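Trainee: Next one to model:
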Amino acid sequence: MPAAANARTMARPKPLAPPVTNATLPASSCMLCARVRLRAVSEKPVTQTTGRRKVRACVASRQGYDESHHGRRIGTMLAMTIAGLLFLLTHLGVSSTPLRAVLVRRLGEGGYLGAYSLVAAVTLGLMIWMYANLPRLPYLWLPSPTLYLVPKVIMGLAFVLIGGSFLARNPSAVGMAGTLDAPDAPTRLAYGVNRITRHPLQWGIALWAGSHLVANGDAVSVVFFAAFLLLALLGSALIDSKKAARLGAPWQAFAAVTSNVPFAAIVRGRNRLVLRELVGPLVAGALLYAAAFYGHAYIAGVPLA
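Mentor: Sure, this is the predicted structure:
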């Protein structure tokens, strides 16, 4: 008997739920509004007749945010791109064009170098200031622990080249063209890091810029480091052409036993690697690497140690 009663109870249809006349809009239907981080979404009781209006308002709110956010991103990229182009033009467009000779005639060599250094410092400061203050959006690719290893490995060689560039006399440096006057100067100057590349400072900067460009995927970092990478690579090639035209045979003799691309002259047998000549550059590079590694939080705001 109880079993039959239970069966009749289970078979009896349940009454329908009362119609919904007043409900809170579910979160799923207002998901677009939830993604608008700059505007709080208040969930107030709404009727079914106004639910669609609420959804349309959410969509319109999100579209307005997208347009505003997109405009800020375009403005950020435009500002950084203009700063990068200005940085490149003032460095390459003056020193590597006939405009340099015109300025030297009017200002003198010392006046030209002073004015050029001032403009270079201003544009460099502008680049650094914008990089430090502009938002990091959008990301062209996402950083990862693997990509972070790239600068940690490559910066070792970069610091050896940068440190060694100040320890070896190099006719490609500013004001050092006279070092090629001696008959044996071309082969005598091809020592230390100059055996690796005749542009150690430029290639040190190129390795720094290229490795950090890979590690940082945001658009601002890409423009910032790409400007330095282009400056270093194009600058080394332009220095070669200027020195060849200005110094003639002595420079050609120096270029014959060295290379622009690191290790190219050694691989081709035009030079050899002498480790005892790299003791100073290795020590300088190790000190620079340690300073950059432990001071990265103060220099760039990103701790590495």
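Trainee: Nearest the geometric middle of this protein, what residue?
Mentor: Phe225 (2.9 Å; Cα atoms, centre = their mean).
Trainee: wait, doesn't that one sit right on Leu213?
Mentor: Yes. Assessed by Cβ atoms under 8 Å, Phe225 is found in contact with Leu213 at 3.9 Å. For glycine as for every other residue, the C-beta is placed from the backbone atoms N, C-alpha and C.
Trainee: contacting residues around stretch 242-250?
Mentor: Applying Cβ atoms under 8 Å, 6 or more residues apart in numbering, the contact partners of stretch 242-250 are Ser96, Pro171, Ser172, Ala177, Leu180, Asp181, Ala185, Pro186, Trp251, Gln252, Ala255.
Trainee: mean confidence for that stretch?
Mentor: For stretch 242-250, mean pLDDT is 88.
Trainee: in that stretch, what's buried?
Mentor: Residues of stretch 242-250 classed as buried: Lys242, Lys243, Leu247, Pro250 (neighbour count, 16 or more other Cβ atoms under 10 Å).
Trainee: Next: stretch 168-188.
Mentor: Going by neighbour count (16+ other Cβ under 10 Å), the buried part of stretch 168-188 is Ala168, Asn170, Pro171, Ser172, Ala173, Ala177, Thr179, Leu180, Ala185, Pro186.
Trainee: now these as a markdown table including pLDDT and distance to Lys152?
Mentor: Shown next, in a markdown table, are the buried residues of stretch 168-188 (pLDDT from 0 to 100; distance: Cβ to Cβ, whole Å):
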| residue | pLDDT | distance to Lys152 |
| --- | --- | --- |
| Ala168 | 87 | 26 |
| Asn170 | 88 | 28 |
| Pro171 | 87 | 33 |
| Ser172 | 84 | 29 |
| Ala173 | 82 | 29 |
| Ala177 | 64 | 37 |
| Thr179 | 76 | 35 |
| Leu180 | 78 | 37 |
| Ala185 | 78 | 38 |
| Pro186 | 77 | 37 |
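Trainee: Just confirm Val122 is within a helix.
Mentor: Yes. Looking at Val122 with DSSP: H, G, I helix; E, B strand; the rest coil, it is inside a helix.
Trainee: Okay, strands next: where are they in the stretch 101-250 of the chain?
Mentor: Per DSSP state E, counting those that start in this stretch, the stretch 101-250 of the chain carries no strands over any range.
Trainee: which stretches of it form helices?
Mentor: Assigned by DSSP state H, counting those that start in this stretch, the helices in the stretch 101-250 of the chain fall at 145-165, 185-188, 200-215, 219-247, 249-256.
Trainee: want to throw those helices into a markdown table with distance to Tyr289?
Mentor: Below are those laid out as a markdown table (distance: least, Cβ to Cβ, whole Å):
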| stretch | distance to Tyr289 |
| --- | --- |
| helix 145-165 | 5 |
| helix 185-188 | 29 |
| helix 200-215 | 11 |
| helix 219-247 | 18 |
| helix 249-256 | 29 |
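Trainee: highest average neighbour count across these?
Mentor: Highest mean neighbour count among the helices of the stretch 101-250 of the chain (mean count of other Cβ atoms under 10 Å): helix 200-215, with a mean of 22.
Trainee: which stretches of the stretch 151-300 of the chain aren't confidently modelled?
Mentor: Confidence mapping of the stretch 151-300 of the chain against pLDDT under 70 gives the ranges 177-178.
Trainee: Measure how buried the residue nearest to Arg136 when sequence neighbours are not counted is and give me the count.
Mentor: In this structure, Arg136 finds its nearest non-sequential neighbour in Asp218, 4.1 Å apart by Cβ to Cβ, 6 or more residues apart in numbering. Per other Cβ atoms under 10 Å, the neighbour tally for Asp218 reads 19.
Trainee: now swap in Ala83 and tell me
Mentor: By other Cβ under 10 Å, the residues close to Ala83 number 21.
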